[in-house]
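Enquirer: No sequence on hand, only this structure:
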Ligand code: IPM
Ligand code: MG
(Lines give C-alpha, C1' and ligand atoms only; values in the text may rest on other atoms or scores of the structure.)
(Ligands and ions follow the chains in the order given, each with its own letter.)
Protein backbone atom coordinates (compact mmCIF):
# COMPACT_ATOMS: atom_id res chain seq x y z
CA UNK A 1 0.00 0.00 0.00
CA UNK A 2 1.16 3.53 -0.66
CA UNK A 3 1.21 6.16 2.08
CA UNK A 4 -1.86 7.71 0.49
CA UNK A 5 -3.74 4.38 0.67
CA UNK A 6 -2.74 3.95 4.29
CA UNK A 7 -3.88 7.44 5.15
CA UNK A 8 -7.19 6.85 3.38
CA UNK A 9 -7.72 3.58 5.26
CA UNK A 10 -7.01 5.29 8.57
CA UNK A 11 -9.27 8.20 7.76
CA UNK A 12 -12.12 5.78 7.03
CA UNK A 13 -11.41 3.99 10.27
CA UNK A 14 -11.41 7.28 12.17
CA UNK A 15 -14.64 8.30 10.50
CA UNK A 16 -16.39 5.11 11.55
CA UNK A 17 -15.19 5.65 15.13
CA UNK A 18 -16.51 9.20 15.19
CA UNK A 19 -19.88 8.08 13.82
CA UNK A 20 -20.12 5.33 16.43
CA UNK A 21 -19.27 7.72 19.26
CA UNK A 22 -21.70 10.38 18.11
CA UNK A 23 -24.41 7.72 18.07
CA UNK A 24 -23.44 6.66 21.59
CA UNK A 25 -23.72 10.24 22.77
CA UNK A 26 -27.26 10.49 21.35
CA UNK A 27 -28.09 7.34 23.26
CA UNK A 28 -26.66 8.79 26.48
CA UNK A 29 -28.78 11.90 26.01
CA UNK A 30 -32.02 9.89 26.15
CA UNK A 31 -33.49 10.49 29.57
CA UNK A 32 -33.83 7.28 31.49
CA UNK A 33 -34.87 6.56 35.05
CA UNK A 34 -32.92 4.43 37.44
CA UNK A 35 -34.42 0.98 37.91
CA UNK A 36 -36.54 0.69 41.05
CA UNK A 37 -35.66 -2.59 42.72
CA UNK A 38 -38.63 -2.43 45.09
CA UNK A 39 -40.89 -2.88 42.07
CA UNK A 40 -39.17 -6.09 40.96
CA UNK A 41 -40.37 -9.48 42.10
CA UNK A 42 -38.22 -11.44 42.03
CA UNK A 43 -34.99 -9.51 41.80
CA UNK A 44 -32.91 -11.78 39.61
CA UNK A 45 -29.29 -12.05 40.69
CA UNK A 46 -27.02 -13.79 38.21
CA UNK A 47 -23.84 -15.34 39.50
CA UNK A 48 -21.16 -15.60 36.84
CA UNK A 49 -18.35 -17.98 37.76
CA UNK A 50 -15.80 -16.69 35.26
CA UNK A 51 -12.57 -18.62 34.84
CA UNK A 52 -9.25 -19.27 36.57
CA UNK A 53 -9.92 -19.02 40.31
CA UNK A 54 -13.31 -17.48 39.44
CA UNK A 55 -15.47 -20.61 39.78
CA UNK A 56 -13.81 -21.44 43.10
CA UNK A 57 -14.25 -18.05 44.77
CA UNK A 58 -17.71 -17.60 43.19
CA UNK A 59 -18.79 -20.85 44.81
CA UNK A 60 -18.04 -19.39 48.25
CA UNK A 61 -19.60 -16.07 47.30
CA UNK A 62 -22.76 -17.88 46.25
CA UNK A 63 -22.89 -19.89 49.48
CA UNK A 64 -22.69 -16.69 51.49
CA UNK A 65 -25.20 -14.80 49.36
CA UNK A 66 -27.64 -17.71 49.60
CA UNK A 67 -27.12 -17.82 53.36
CA UNK A 68 -27.82 -14.10 53.74
CA UNK A 69 -30.84 -14.10 51.42
CA UNK A 70 -32.28 -17.44 52.55
CA UNK A 71 -35.69 -16.02 53.49
CA UNK A 72 -35.97 -13.81 50.43
CA UNK A 73 -35.21 -16.76 48.15
CA UNK A 74 -37.82 -18.89 49.95
CA UNK A 75 -40.39 -16.12 49.68
CA UNK A 76 -39.72 -15.67 45.97
CA UNK A 77 -38.41 -12.13 46.40
CA UNK A 78 -35.00 -13.02 45.07
CA UNK A 79 -33.95 -15.50 42.42
CA UNK A 80 -30.30 -16.60 42.37
CA UNK A 81 -29.19 -17.87 38.98
CA UNK A 82 -25.93 -19.39 37.93
CA UNK A 83 -24.54 -18.29 34.60
CA UNK A 84 -21.88 -20.51 33.12
CA UNK A 85 -20.17 -20.03 29.81
CA UNK A 86 -18.25 -16.85 30.53
CA UNK A 87 -15.05 -18.88 30.61
CA UNK A 88 -11.99 -18.08 28.56
CA UNK A 89 -12.32 -21.49 26.89
CA UNK A 90 -15.85 -20.78 25.69
CA UNK A 91 -15.11 -17.18 24.75
CA UNK A 92 -12.09 -18.33 22.75
CA UNK A 93 -14.15 -21.04 21.04
CA UNK A 94 -16.83 -18.53 20.01
CA UNK A 95 -14.19 -15.85 19.38
CA UNK A 96 -16.29 -13.31 21.29
CA UNK A 97 -15.72 -11.27 24.43
CA UNK A 98 -19.17 -12.41 25.60
CA UNK A 99 -20.83 -15.17 23.54
CA UNK A 100 -24.36 -14.18 22.40
CA UNK A 101 -26.21 -16.83 24.40
CA UNK A 102 -24.32 -15.88 27.56
CA UNK A 103 -25.08 -12.21 26.97
CA UNK A 104 -28.81 -12.90 26.68
CA UNK A 105 -28.72 -14.89 29.93
CA UNK A 106 -26.93 -11.97 31.55
CA UNK A 107 -29.49 -9.49 30.27
CA UNK A 108 -32.31 -11.49 31.83
CA UNK A 109 -30.89 -10.72 35.25
CA UNK A 110 -31.22 -7.43 37.11
CA UNK A 111 -27.93 -7.52 38.97
CA UNK A 112 -24.86 -9.68 38.59
CA UNK A 113 -22.14 -11.01 40.80
CA UNK A 114 -19.17 -11.82 38.65
CA UNK A 115 -16.03 -13.85 39.20
CA UNK A 116 -12.85 -12.78 37.43
CA UNK A 117 -12.42 -13.55 33.74
CA UNK A 118 -9.15 -13.88 31.87
CA UNK A 119 -8.27 -10.99 29.58
CA UNK A 120 -6.20 -12.33 26.68
CA UNK A 121 -3.24 -10.39 25.42
CA UNK A 122 -1.16 -10.62 22.29
CA UNK A 123 1.16 -13.58 22.39
CA UNK A 124 -0.63 -15.75 24.94
CA UNK A 125 -2.39 -18.97 24.03
CA UNK A 126 -5.80 -17.33 23.54
CA UNK A 127 -7.16 -15.41 20.57
CA UNK A 128 -6.66 -11.73 21.33
CA UNK A 129 -10.35 -11.04 22.02
CA UNK A 130 -11.61 -8.08 24.01
CA UNK A 131 -11.88 -8.29 27.78
CA UNK A 132 -15.23 -9.69 28.98
CA UNK A 133 -15.30 -6.98 31.67
CA UNK A 134 -14.97 -4.19 29.22
CA UNK A 135 -17.55 -5.70 26.87
CA UNK A 136 -19.99 -6.16 29.74
CA UNK A 137 -19.50 -2.63 31.02
CA UNK A 138 -20.24 -1.36 27.53
CA UNK A 139 -23.13 -3.73 26.70
CA UNK A 140 -24.92 -3.01 29.97
CA UNK A 141 -23.82 0.65 30.07
CA UNK A 142 -22.27 0.26 33.52
CA UNK A 143 -20.78 3.72 33.56
CA UNK A 144 -19.74 3.97 37.21
CA UNK A 145 -17.10 1.78 38.74
CA UNK A 146 -17.31 2.32 42.48
CA UNK A 147 -14.50 1.01 44.65
CA UNK A 148 -14.34 1.69 48.37
CA UNK A 149 -11.09 1.20 50.25
CA UNK A 150 -10.57 1.57 53.95
CA UNK A 151 -7.58 1.21 56.23
CA UNK A 152 -8.91 1.93 59.74
CA UNK A 153 -5.46 2.00 61.35
CA UNK A 154 -4.49 4.91 59.09
CA UNK A 155 -7.89 6.56 59.20
CA UNK A 156 -8.25 6.00 55.47
CA UNK A 157 -11.75 5.86 54.06
CA UNK A 158 -11.74 6.33 50.31
CA UNK A 159 -14.39 5.76 47.73
CA UNK A 160 -13.33 5.86 44.09
CA UNK A 161 -15.71 6.69 41.26
CA UNK A 162 -13.98 5.47 38.14
CA UNK A 163 -15.55 6.31 34.80
CA UNK A 164 -16.14 2.88 33.38
CA UNK A 165 -17.22 3.07 29.76
CA UNK A 166 -15.03 5.52 27.88
CA UNK A 167 -11.58 7.12 28.24
CA UNK A 168 -8.62 5.07 27.10
CA UNK A 169 -10.68 1.88 27.25
CA UNK A 170 -13.55 2.40 24.87
CA UNK A 171 -11.47 2.02 21.72
CA UNK A 172 -8.77 -0.09 23.32
CA UNK A 173 -9.40 -2.84 20.78
CA UNK A 174 -9.93 -0.41 17.91
CA UNK A 175 -6.62 1.35 17.59
CA UNK A 176 -5.01 1.78 14.18
CA UNK A 177 -1.82 0.21 12.94
CA UNK A 178 -1.49 2.83 10.25
CA UNK A 179 1.74 1.36 8.89
CA UNK A 180 4.12 -1.24 10.29
CA UNK A 181 5.84 1.61 12.08
CA UNK A 182 2.91 3.69 13.27
CA UNK A 183 0.38 2.62 15.89
CA UNK A 184 -2.28 4.99 17.17
CA UNK A 185 -4.79 4.44 19.95
CA UNK A 186 -7.72 6.67 20.76
CA UNK A 187 -9.04 8.11 23.97
CA UNK A 188 -12.62 9.33 24.17
CA UNK A 189 -14.12 11.73 26.70
CA UNK A 190 -17.68 12.97 26.24
CA UNK A 191 -19.66 15.64 28.04
CA UNK A 192 -22.44 13.20 28.90
CA UNK A 193 -20.09 10.45 30.00
CA UNK A 194 -18.12 12.79 32.24
CA UNK A 195 -21.14 14.55 33.69
CA UNK A 196 -22.85 11.38 34.81
CA UNK A 197 -19.87 10.00 36.74
CA UNK A 198 -18.79 13.32 38.25
CA UNK A 199 -22.36 14.13 39.34
CA UNK A 200 -22.68 10.70 40.87
CA UNK A 201 -19.56 11.28 42.95
CA UNK A 202 -20.74 14.70 44.15
CA UNK A 203 -24.20 13.30 44.91
CA UNK A 204 -22.62 10.49 46.90
CA UNK A 205 -20.56 12.99 48.88
CA UNK A 206 -23.62 15.14 49.55
CA UNK A 207 -25.79 12.23 50.67
CA UNK A 208 -23.14 10.91 52.98
CA UNK A 209 -22.11 14.28 54.41
CA UNK A 210 -18.65 14.06 52.92
CA UNK A 211 -17.22 17.51 52.35
CA UNK A 212 -14.48 16.77 49.84
CA UNK A 213 -14.29 15.45 46.26
CA UNK A 214 -11.00 14.97 44.43
CA UNK A 215 -10.67 14.84 40.62
CA UNK A 216 -7.76 12.97 39.08
CA UNK A 217 -6.56 13.64 35.52
CA UNK A 218 -3.42 14.43 33.58
CA UNK A 219 -4.96 17.56 32.12
CA UNK A 220 -1.62 19.37 31.95
CA UNK A 221 -0.45 16.94 29.27
CA UNK A 222 -3.53 15.20 27.83
CA UNK A 223 -5.10 18.53 27.22
CA UNK A 224 -8.17 17.81 25.11
CA UNK A 225 -9.80 14.84 26.80
CA UNK A 226 -8.55 15.19 30.37
CA UNK A 227 -8.91 18.93 30.00
CA UNK A 228 -12.59 18.39 29.20
CA UNK A 229 -13.11 16.05 32.14
CA UNK A 230 -11.57 18.59 34.50
CA UNK A 231 -13.54 21.51 33.06
CA UNK A 232 -16.78 19.57 33.50
CA UNK A 233 -15.86 18.79 37.10
CA UNK A 234 -15.28 22.46 37.74
CA UNK A 235 -18.69 23.31 36.30
CA UNK A 236 -20.51 20.60 38.27
CA UNK A 237 -18.77 21.54 41.51
CA UNK A 238 -20.61 24.87 41.40
CA UNK A 239 -23.85 23.02 42.11
CA UNK A 240 -22.34 21.73 45.36
CA UNK A 241 -21.03 24.81 47.18
CA UNK A 242 -20.95 22.93 50.49
CA UNK A 243 -18.42 20.45 49.09
CA UNK A 244 -14.80 21.43 48.60
CA UNK A 245 -13.12 19.96 45.59
CA UNK A 246 -9.57 19.75 44.39
CA UNK A 247 -7.77 18.20 41.45
CA UNK A 248 -4.57 16.22 41.21
CA UNK A 249 -2.58 14.78 38.34
CA UNK A 250 -2.45 11.03 38.28
CA UNK A 251 1.31 10.82 38.85
CA UNK A 252 1.41 12.90 42.01
CA UNK A 253 -1.87 11.33 43.12
CA UNK A 254 -0.27 7.87 43.16
CA UNK A 255 2.43 9.36 45.41
CA UNK A 256 0.03 11.21 47.71
CA UNK A 257 -2.10 8.13 48.28
CA UNK A 258 0.85 6.67 50.17
CA UNK A 259 1.91 9.93 51.84
CA UNK A 260 0.93 9.69 55.54
CA UNK A 261 0.63 13.47 55.74
CA UNK A 262 -1.92 13.63 52.95
CA UNK A 263 -3.59 10.28 52.39
CA UNK A 264 -6.41 10.50 54.90
CA UNK A 265 -7.56 13.84 53.51
CA UNK A 266 -8.83 12.16 50.36
CA UNK A 267 -12.41 10.95 50.56
CA UNK A 268 -14.41 10.77 47.34
CA UNK A 269 -12.15 10.44 44.31
CA UNK A 270 -13.28 10.65 40.67
CA UNK A 271 -11.16 9.67 37.70
CA UNK A 272 -11.40 8.78 34.02
CA UNK A 273 -11.20 5.11 33.21
CA UNK A 274 -7.50 4.23 32.99
CA UNK A 275 -6.36 6.42 35.90
CA UNK A 276 -9.17 4.96 37.96
CA UNK A 277 -8.02 1.48 37.03
CA UNK A 278 -4.48 2.18 38.19
CA UNK A 279 -5.10 4.04 41.44
CA UNK A 280 -7.75 1.61 42.63
CA UNK A 281 -5.24 -1.25 42.45
CA UNK A 282 -2.79 0.88 44.38
CA UNK A 283 -5.45 1.72 46.95
CA UNK A 284 -6.57 -1.89 47.26
CA UNK A 285 -2.99 -2.94 47.85
CA UNK A 286 -2.83 -0.57 50.81
CA UNK A 287 -5.91 -2.17 52.24
CA UNK A 288 -4.26 -5.57 52.17
CA UNK A 289 -4.08 -6.55 48.51
CA UNK A 290 -6.30 -6.56 45.45
CA UNK A 291 -7.89 -9.71 46.85
CA UNK A 292 -9.53 -7.65 49.57
CA UNK A 293 -11.39 -5.02 47.55
CA UNK A 294 -14.78 -5.19 45.89
CA UNK A 295 -15.96 -3.33 42.84
CA UNK A 296 -19.42 -2.15 41.78
CA UNK A 297 -20.15 -1.48 38.11
CA UNK A 298 -23.34 0.50 38.06
CA UNK A 299 -25.63 1.78 35.32
CA UNK A 300 -29.24 2.90 35.30
CA UNK A 301 -30.64 -0.46 34.21
CA UNK A 302 -28.07 -3.06 35.20
CA UNK A 303 -25.41 -3.38 37.86
CA UNK A 304 -22.57 -5.84 38.14
CA UNK A 305 -20.46 -6.51 41.21
CA UNK A 306 -17.10 -8.18 41.05
CA UNK A 307 -13.68 -8.80 42.50
CA UNK A 308 -11.22 -6.15 41.41
CA UNK A 309 -8.48 -8.66 40.70
CA UNK A 310 -7.82 -11.00 37.79
CA UNK A 311 -8.41 -14.71 37.33
CA UNK A 312 -4.98 -15.88 38.60
CA UNK A 313 -4.64 -18.84 36.20
CA UNK A 314 -1.27 -19.62 37.78
CA UNK A 315 -2.95 -20.44 41.07
CA UNK A 316 -5.11 -22.96 39.23
CA UNK A 317 -2.28 -24.56 37.26
CA UNK A 318 -0.26 -24.87 40.46
CA UNK A 319 -3.21 -26.54 42.20
CA UNK A 320 -3.77 -23.66 44.62
CA UNK A 321 -7.29 -22.57 43.62
CA UNK A 322 -8.78 -23.64 46.93
CA UNK A 323 -6.46 -21.23 48.75
CA UNK A 324 -7.66 -18.28 46.67
CA UNK A 325 -9.10 -15.47 48.78
CA UNK A 326 -12.81 -14.88 48.05
CA UNK A 327 -12.80 -11.67 50.11
CA UNK A 328 -12.91 -9.35 47.12
CA UNK A 329 -16.09 -11.01 45.81
CA UNK A 330 -17.57 -10.94 49.30
CA UNK A 331 -16.88 -7.21 49.56
CA UNK A 332 -18.64 -6.94 46.21
CA UNK A 333 -21.70 -8.65 47.76
CA UNK A 334 -21.94 -5.85 50.34
CA UNK A 335 -22.29 -3.36 47.52
CA UNK A 336 -24.75 -5.59 45.68
CA UNK A 337 -26.99 -5.89 48.75
CA UNK A 338 -26.87 -2.13 49.34
CA UNK A 339 -27.66 -1.48 45.72
CA UNK A 340 -30.83 -3.56 45.71
CA UNK A 341 -31.99 -2.10 49.01
CA UNK A 342 -30.93 -4.70 51.59
CA UNK A 343 -28.93 -2.18 53.57
CA UNK A 344 -29.15 -3.91 56.97
CA UNK A 345 -28.00 -7.21 55.55
CA UNK A 346 -25.16 -5.43 53.80
CA UNK A 347 -24.09 -3.84 57.08
CA UNK A 348 -24.12 -7.20 58.82
CA UNK A 349 -21.95 -8.73 56.15
CA UNK A 350 -19.60 -5.76 56.28
CA UNK A 351 -19.19 -6.14 60.03
CA UNK A 352 -18.51 -9.85 59.65
CA UNK A 353 -15.98 -9.27 56.86
CA UNK A 354 -14.22 -6.57 58.88
CA UNK A 355 -14.00 -8.88 61.89
CA UNK A 356 -12.85 -11.90 59.90
CA UNK A 357 -10.63 -10.11 57.41
CA UNK A 358 -9.21 -7.09 59.25
CA UNK A 359 -9.51 -7.44 63.03
CA UNK A 360 -9.84 -10.92 64.45
CA UNK A 361 -8.41 -12.85 61.49
CA UNK A 362 -8.81 -16.39 62.78
CA UNK A 363 -8.44 -17.70 59.25
CA UNK A 364 -5.62 -16.18 57.25
CA UNK A 365 -5.28 -16.92 53.57
CA UNK A 366 -1.87 -16.79 51.95
CA UNK A 367 -2.81 -18.27 48.59
CA UNK A 368 -0.83 -21.36 49.56
CA UNK A 369 -1.14 -24.43 51.73
CA UNK A 370 0.49 -22.64 54.66
CA UNK A 371 -2.74 -20.63 54.99
CA UNK A 372 -6.47 -21.26 55.20
CA UNK A 373 -8.79 -22.19 52.34
CA UNK A 374 -11.61 -20.16 50.85
CA UNK A 375 -14.06 -22.65 52.30
CA UNK A 376 -12.66 -22.25 55.81
CA UNK A 377 -12.96 -18.50 55.48
CA UNK A 378 -16.55 -18.76 54.20
CA UNK A 379 -17.53 -20.93 57.19
CA UNK A 380 -15.80 -18.55 59.60
CA UNK A 381 -17.72 -15.63 58.07
CA UNK A 382 -21.08 -17.41 58.25
CA UNK A 383 -20.46 -18.27 61.92
CA UNK A 384 -19.53 -14.66 62.58
CA UNK A 385 -22.67 -13.29 60.89
CA UNK A 386 -24.74 -15.44 63.24
CA UNK A 387 -23.10 -14.12 66.38
CA UNK A 388 -25.80 -12.51 68.51
CA UNK A 389 -23.53 -9.63 69.52
CA UNK A 390 -22.03 -9.01 66.12
CA UNK A 391 -22.30 -5.23 66.25
CA UNK A 392 -20.85 -4.99 69.78
CA UNK A 393 -17.97 -7.14 68.75
CA UNK A 394 -17.33 -5.08 65.65
CA UNK A 395 -17.44 -1.86 67.68
CA UNK A 396 -15.02 -3.27 70.21
CA UNK A 397 -12.35 -3.56 67.56
CA UNK A 398 -12.70 -0.05 66.22
C1 LIG B 1 -10.36 -3.95 36.58
C2 LIG B 1 -9.52 -4.84 35.73
C3 LIG B 1 -10.03 -4.75 34.30
C4 LIG B 1 -9.84 -3.33 33.85
C5 LIG B 1 -9.37 -5.72 33.33
C6 LIG B 1 -9.59 -7.13 33.77
C7 LIG B 1 -9.84 -5.52 31.92
O8 LIG B 1 -8.20 -4.50 35.83
O9 LIG B 1 -11.57 -4.20 36.71
O10 LIG B 1 -9.83 -3.00 37.14
O11 LIG B 1 -8.76 -2.96 33.39
O12 LIG B 1 -10.77 -2.56 34.01
MG1 MG C 1 -7.78 -2.99 37.22
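Expert: Great, that's in hand. The structure presented is a predicted model; accordingly, all values stated were derived computationally and were not measured. Ligands and ions are numbered 1, 2, ... in the order given.
Enquirer: contacting residues around the residue of the stretch 1-150 of the chain found nearest ligand 1?
Expert: Ligand 1 sits closest to residue 131 of the stretch 1-150 of the chain, with a gap of 3.9 Å, by CB to the nearest ligand atom. Quick note: C-beta positions are derived from backbone N, CA and C, even for glycine. Residues in contact with residue 131 (CB atoms under 8 Å, 6 or more residues apart in numbering) are 97, 117, 119.
Enquirer: That one and residue 245: what is the separation?
Expert: Per CB to CB, to the nearest Å, residue 131 is found 31 Å from residue 245.
Enquirer: now swap in residue 184 and tell me
Expert: 33 Å.
Enquirer: Pick out whichever of the two has more residues nearby.
Expert: residue 245 (21 against 11; other CB atoms under 10 Å).
Enquirer: Okay, and the beta partners of that one?
Expert: On the basis of DSSP bridges, residue 245 is bridged to residue 213.
Enquirer: Surely it touches residue 210?
Expert: No. Counting by CB atoms under 8 Å, residue 245 does not reach residue 210; the two are 11.2 Å apart.
Enquirer: can you pick the most crowded of the contacts of residue 131?
Expert: Neighbour max across the contacts of residue 131 (other CB under 10 Å) = residue 117, 25 neighbours.
Enquirer: contacting residues around that one?
Expert: Shown in contact with residue 117 (CB under 8 Å, 6+ apart): 50, 51, 52, 54, 86, 87, 88, 91, 131, 132, 133, 311.
Enquirer: out of these, who has the most neighbours?
Expert: Once you tally neighbours by other CB under 10 Å, residue 54 ends up highest among these, having 30 neighbours.
Enquirer: residue ranges of the strands in the stretch 1-150 of the chain, please?
Expert: 43-48, 78-83, 111-114, 144-151 (DSSP state E, counting those that start in this stretch).
Enquirer: now the ones you listed in JSON lines, with mean pLDDT?
Expert: Output for the strands of the stretch 1-150 of the chain, formatted as JSON lines (pLDDT from 0 to 100):
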{"stretch": "strand 43-48", "mean pLDDT": "98"}
{"stretch": "strand 78-83", "mean pLDDT": "97"}
{"stretch": "strand 111-114", "mean pLDDT": "98"}
{"stretch": "strand 144-151", "mean pLDDT": "94"}
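Enquirer: okay if I get those strands as a markdown table plus distance to ligand 1 and mean neighbour count?
Expert: Shown next, in a markdown table, are the strands of the stretch 1-150 of the chain (distance: least, CB to the nearest ligand atom, whole Å; neighbours: other CB atoms under 10 Å):
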| stretch | distance to ligand 1 | mean neighbour count |
| --- | --- | --- |
| strand 43-48 | 14 | 22 |
| strand 78-83 | 18 | 17 |
| strand 111-114 | 10 | 26 |
| strand 144-151 | 7 | 22 |
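Enquirer: Now the residue of the stretch 151-300 of the chain found nearest ligand 1. Its backbone dihedrals?
Expert: Residue nearest to ligand 1 within the stretch 151-300 of the chain: residue 277 (4.6 Å; CB to the nearest ligand atom). The phi/psi pair for residue 277 (degrees, to the nearest 10) reads phi -60, psi -50.
Enquirer: Tell me the pLDDT of it.
Expert: Residue 277 is assigned 96 on the pLDDT scale.
Enquirer: What is the burial count for the residue lying closest to it once chain neighbours are set aside?
Expert: Spatial nearest neighbour of residue 277, excluding adjacent residues (CB to CB, 6 or more residues apart in numbering): residue 162 at 6.7 Å. Residue 162 has 27 neighbours, counted by other CB under 10 Å.
Enquirer: Quick check: the closest residue to residue 353 other than its chain neighbours vs residue 104, distance?
Expert: Nearest residue to residue 353, sequence neighbours excluded (CB to CB, 6+ apart): residue 330, at 5.8 Å. Going from residue 330 to residue 104 by CB to CB gives 28 Å.
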